[in-house]
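K.L.:
can't give you the sequence, but here's the structure:
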């Protein structure tokens, strides 16, 4: 996991991370969780292109 960040305000928090999954094909993913009142209210997974070699 790279670039883990957290941003907060009185209404809640957002946590973001760049995640790399290894396997038959490697996959880079942007992951964002938004919390309000201690509960997850939004979850986004977005595949990001692998850099050209």
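P.N.:
Ah, there it is. Note that the structure is predicted; figures quoted are calculated from it, not measured.
K.L.:
which regions of this protein sit below the pLDDT cut-off?
P.N.:
By pLDDT under 70, the low-scoring segments of the chain are 1-2, 50-53.
K.L.:
That one: strands as residue ranges?
P.N.:
Taking DSSP state E as the test, the strands found in the chain are 2-9, 12-21, 27-36, 39-48.
K.L.:
in this protein, which residue is closest to the centre?
P.N.:
Within the chain, one residue has its C-alpha closest to the average C-alpha position: by Cα atoms, centre = their mean, that is residue 31, at 1.7 Å.
K.L.:
Not counting residues beside it along the chain, what's closest to that one?
P.N.:
Among residues not flanking residue 31 along the chain, residue 17 sits closest, at 4.9 Å (Cβ to Cβ, 6 or more residues apart in numbering). Just so you know, the C-beta spots here come from the backbone N, C-alpha and C atoms, and that holds for glycine as well.
K.L.:
can I assume that neighbour is in contact with residue 4?
P.N.:
Yes. The criterion here is Cβ atoms under 8 Å, and residue 17 meets it with residue 4 at 4.7 Å.
K.L.:
Give me the more crowded residue out of these two.
P.N.:
The residue with the greater number of neighbours, taking residue 17 and residue 4 and applying other Cβ atoms under 10 Å, is residue 17; the counts read 15 against 11.
K.L.:
so how far is residue 30 from that one?
P.N.:
Residue 17 sits 8 Å away from residue 30, taking Cβ to Cβ, to the nearest Å as the criterion.
K.L.:
swap in residue 44?
P.N.:
When Cβ to Cβ is the yardstick, residue 44 and residue 30 sit 8 Å from each other.
K.L.:
Neighbour count: the two, which is higher?
P.N.:
Just comparing residue 44 and residue 30: by other Cβ under 10 Å the higher neighbour count belongs to residue 30, 14 against 11.
K.L.:
nearest spatial neighbour of the more buried one, skipping sequence neighbours?
P.N.:
Of all residues beyond its chain neighbours, the one nearest residue 30 is residue 46 (4.6 Å), with distances taken as Cβ to Cβ, 6+ apart.
K.L.:
Just to check, that neighbour is in contact with residue 29?
P.N.:
Yes. When contacts are counted by Cβ under 8 Å, residue 46 is listed as touching residue 29 (6.7 Å).
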